[in-house]
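**Student:** The sequence isn't on hand, but the structure is:
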């Protein structure tokens, strides 16, 4: 059984590279089979379709991203610092997972069966993670928030809005400074105190 899983993981990793280079539409099962060093018919033994492979690639990249974020968060106890680290880690690591980024952002991929459901599930998971951080801040009397789910939704929405301009404008090299300033605006607002 582990041999089959190992082969599936290898196919997913090879397919991730092909999808990231060619995009979903221009990637063929022949290309994935060639990159995986197997016959196309053998590829169908492990996966029913290109859609299924892409779904597994996106899920794999989402899992990897979450593992990296959680590893970064594990070193923090302060909820305020956790927010900064979460946002910074998410934006920094997101660049390493182009298929996940495209699955979450591309309007053209909306037609793929699993994409809408995946997007909803992914964002709900992020909101829940952020809600937990905010609740920790409320419990430690660091935050004064009456609706932690609404606050989490607002922060996640702001983060999502930052991603595309950062990557398109190639501001990623200054991501730490940008994140620090953005988190400050998100948490403290723009009103003079």
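**Tutor:** Ah, there it is. Being a predicted model, the structure only gives us computed values, none of them experimental.
**Student:** contacts, neighbours, all on C-alpha from now
**Tutor:** OK.
**Student:** Looking at the most centrally placed residue in the chain now. What's its pLDDT?
**Tutor:** The centroid of the chain falls nearest to residue 62 when counting by Cα atoms, centre = their mean (5.1 Å). With respect to pLDDT, residue 62 has a value of 94.
**Student:** is it true that it touches residue 101?
**Tutor:** No: with contacts counted by Cα atoms under 8 Å, residue 62 stays clear of residue 101, the gap being 9.3 Å.
**Student:** quick revisit: residues contacting the residue nearest to the centre of the chain?
**Tutor:** Taking Cα atoms under 8 Å, 6 or more residues apart in numbering as the criterion, residue 62 is in contact with 97, 100.
**Student:** try 10 Å
**Tutor:** Contact partners of residue 62, counting by Cα atoms under 10 Å, 6 or more residues apart in numbering, are 56, 68, 94, 97, 99-101, 122.
**Student:** just residue 7 next, same as before
**Tutor:** 13, 36, 43, 46.
**Student:** And for residue 58?
**Tutor:** 12, 16, 52, 64, 97-104, 115, 118.
**Student:** before we move on, which element is it in?
**Tutor:** helix 50-73 (DSSP states H and E).
**Student:** Which stretches in the chain count as helices?
**Tutor:** 2-26, 29-35, 40-46, 50-73, 79-94, 98-105, 113-139, 148-168, 175-188 (DSSP state H).
**Student:** Show me what the fifth one packs onto, helices and strands only.
**Tutor:** Spelled out, that is helix 79-94. helix 50-73, helix 113-139, helix 148-168, helix 175-188 (3 or more Cα pairs under 10 Å, 6 or more residues apart in numbering; DSSP states H and E).
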